[in-house]
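In: how would this look folded up:
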Amino acid sequence: MNPTQPAAMIQCPGCNADVDPAALYCSRCGTVMRATGAEQEDPLVGKTVDGKFLVIERMAEGGTGRIYRAEQISLK
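Out: Numbers count the residues shown, from 1 in each chain. The predicted structure is shown next:
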């Protein structure tokens, strides 16, 4: 990649806006764009579940399951 060329934009999973790949959040809708720590290893973070819910982050984990924070897409 040529250092004078801008980085390719990525698409926000929440609103499909073009977002700088270095951004932590989408400037249009606030969706988390990059996970840190445990979220990088979690396959659900950033995915849409049942076409209705966007998984934002894993909040906790215990012996029998995990707790996630998600947004209902229809309410955006």
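
In: Next, give phi and psi for Ile73.
Out: phi -60, psi -40 (degrees, to the nearest 10).

In: from what I can see it touches Lys52, true?
Out: Yes: applying CB atoms under 8 Å, one finds Ile73 in contact with Lys52, separated by 5.9 Å. C-beta coordinates here come from the backbone N, C-alpha and C atoms, glycine included.

In: What residues sit buried inside the lengthiest strand in the chain?
Out: Looking across the chain with DSSP state E, the single longest strand is strand 53-61. Along strand 53-61, these residues count as buried under the neighbour rule (16 or more other CB atoms under 10 Å): 54-58.

In: neighbouring strands for the lowest-mean-pLDDT helix or strand in the chain, and are they parallel or not?
Out: Counting by mean pLDDT, DSSP states H and E, the weakest-scoring helix or strand in the chain turns out to be strand 10-11, with a mean of 83. Sheet partners assigned to strand 10-11 using DSSP bridges are listed as strand 18-19 (antiparallel).

In: can you pull the contacts of the residue sitting nearest the centre point of the chain?
Out: A centroid search over the chain (CA atoms, centre = their mean) returns Gly46, at 3.7 Å, as the residue closest to the centre. Residues near Gly46 by CB atoms under 8 Å, 6 or more residues apart in numbering: 13, 32, 35, 54-55.

In: and the two most separated of those?
Out: Greatest spacing in these, by CB to CB: Ala35 and Leu54 (12.9 Å).

In: which SS state does the nearest residue to Cys15 once chain neighbours are set aside fall under?
Out: Closest residue to Cys15 apart from its sequence neighbours, by CB to CB, 6 or more residues apart in numbering: Cys29 at 4.2 Å. Of the three states, Cys29 takes coil according to DSSP: H, G, I helix; E, B strand; the rest coil.
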